[in-house]
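K.L.:
any chance you could fold what I've pasted below:
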Amino acid sequence: MVATPPRPEHNDVELVRVSSGSKTTSVAGAIAGIIREKGTVEVQAIGASAVNQAVKSIAIAQKYVREDHITLACIPSFTEVTINDQQRTAIRFAIWTAPQR
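P.N.:
Next up, the predicted model:
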């Protein structure tokens, strides 16, 4: 069975921005809290170090929600963002609850 992400209204999805200096356990706690409340969250990072922190945060968040019998599913994608009038490419991770295995 392939898990497919829910399709909530874009405005309803909470976005967590991750930088290279983000503390992974803090980001993981935010992801876990939003997942428990809303069932879906998006995480965005720009740059290799920030993406590394985001991926580690998602893995830690899975550990946090496992005790609630929640399994996370995640799909990465590219998105364009404007920062200081410049276009930048970010990685955006759509994260949602998946059926238990």
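
K.L.:
which residues sit against the helix or strand harbouring Gln53?
P.N.:
Assigned by DSSP states H and E, Gln53 belongs to helix 48-66. Helix 48-66 has contacts (Cβ atoms under 8 Å, 6 or more residues apart in numbering) with 18-22, 24-25, 27-29, 31-32, 35-36, 43-45, 71-72, 74, 91, 93, 95. All C-beta atoms are positioned from the backbone trio N, CA, C, and that covers glycine.

K.L.:
buried subset of the residues you listed, written for PyMOL?
P.N.:
To isolate the buried members of the contacts of helix 48-66 in PyMOL, using 16 or more other Cβ atoms under 10 Å:
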select buried, resi 18+22+24+27+28+31+32+35+43+44+45+72+74+91+93+95
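
K.L.:
of the contacts of helix 48-66, which belong to helices?
P.N.:
Mapping these onto helices (DSSP state H) picks out 24-25, 27-29, 31-32, 35-36.

K.L.:
which ones are touching the most centrally placed residue in the chain?
P.N.:
By Cα atoms, centre = their mean, the chain has its centre lying nearest to Val43, at 3.2 Å. Applying Cβ under 8 Å, 6+ apart, we find Val43 in contact with 15-18, 27, 31, 54, 57-58, 92-93, 95.

K.L.:
so what's the closest residue to it other than its chain neighbours up against?
P.N.:
The shortest distance from Val43 to any non-neighbouring residue, by Cβ to Cβ, 6 or more residues apart in numbering, is to Phe93 (4.4 Å). By Cβ under 8 Å, 6+ apart, the residues touching Phe93 are 42-45, 54, 58, 74-77.
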